[in-house]
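*Asks:* need a 3D model of the sequence below.
(one chain, ligands or ions: 1)
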Amino acid sequence: MDLEDVLYLRRTTRKYQPQQIQEDALQRLLEAAQTAPLAMGDDQSTHLTVVQDPGLLQQIRDAVQTVSRKTGLPLDPLHGAPTLILVSATDLSEDHIELCNAACVIENMSLQATALNLGSSYIWGCLRILRQHKELLAMLQIPEGYEILSGFVVGYPVNPLQRREKQGKMSVNRV
Ligand SMILES: Cc1cc2nc3c(=O)[nH]c(=O)nc-3n(C[C@H](O)[C@H](O)[C@H](O)COP(=O)(O)O)c2cc1C
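*Replies:* As a prediction, the model looks like this:
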């Protein structure tokens, strides 16, 4: 798949099939993560945690689930995806540059996922709640001193990825 196809096929997927992604696909996502640009080339302060254990994923879902304002039904902020990858960092700086690192890591994984015809989504909103669950944080075995900054879910999409039309969304000025 060429880069432009990947860019236009990538979209946030919020409905996943239950089956797990192939181990080879997971390895390719992690390799893509490792090629991300990181401020000052510092690859020691960012850490990835792969969560595929269905029981642990369910515990996370139960802890962070919200309720739909429309239907009153529980909403799964992980969208039913079978794989969650958390990006954590240590030595957080005042200018929050570690968040930028995490976003670069996640975008790389997201583009690689798309190239493998997998669906994916950035995960942010529910992490505020997850950070408060000390027992879950212990089960995630994130190294001492690291804080979860962003998350990423990936899996086989229920609806195949569809190339989007070219469209400008952001304003641009040229001087
Ligand atoms: C920093 C960031 C945080 C996001 N957090 C979430 C999230 O918590 N849950 C979610 O479903 N989507 C999340 N998204 C996905 C955006 O909602 C999505 O990218 C946007 O609606 C545009 O859709 P697209 O990705 O299909 O182009 C996040 C995206 C970014 C960049």
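
*Asks:* phi, psi for Leu86 please.
*Replies:* phi -100, psi 140 (degrees, to the nearest 10).

*Asks:* who touches the longest helix along the chain?
*Replies:* Counting by DSSP state H, the longest helix found in the chain is helix 97-115. The contact list for helix 97-115 (C-beta atoms under 8 Å, 6 or more residues apart in numbering) reads 1, 6-7, 9-10, 25, 28-33, 35-39, 42, 45-46, 48, 85, 87, 89, 91-92, 119-120, 122, 149-150, 152, 154, 161. C-beta here means a position set from N, CA and C on the backbone, and glycine is covered the same way.

*Asks:* quickly find the element holding Glu4.
*Replies:* helix 3-9 (DSSP states H and E).

*Asks:* averaged pLDDT, that helix. What do you get?
*Replies:* Mean per-residue pLDDT for helix 3-9: 96.

*Asks:* other residues contacting that helix?
*Replies:* Outside of helix 3-9, the residues within contact range by C-beta under 8 Å, 6+ apart are 1, 111, 114-115, 161-164, 166.

*Asks:* so which bits of stretch 35-53 are buried?
*Replies:* 36, 38, 45-49, 51 (16 or more other C-beta atoms under 10 Å).

*Asks:* still on that earlier bit, what packs against the next helix or strand after the longest helix of the chain?
*Replies:* Next in sequence after helix 97-115, counting helices and strands by DSSP H and E, comes strand 119-123. With contacts defined as 3 or more C-beta pairs under 8 Å, 6 or more residues apart in numbering; DSSP states H and E, the packing partners of strand 119-123 are helix 97-115, strand 147-155.

*Asks:* need the ones you listed in JSON lines with mean neighbour count, can you?
*Replies:* Formatted as JSON lines, the helices and strands packed on strand 119-123 follow (neighbours: other C-beta atoms under 10 Å):
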{"stretch": "helix 97-115", "mean neighbour count": "21"}
{"stretch": "strand 147-155", "mean neighbour count": "23"}
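
*Asks:* picking that back up, now do the following helix or strand past the helix holding Glu4: distance to the chain's middle.
*Replies:* Reading on from helix 3-9 to the C-terminus, the next helix or strand found by DSSP H and E is helix 23-34. Distance of helix 23-34 from the chain centroid (C-alpha atoms, centre = their mean, to the nearest Å) equals 13 Å.
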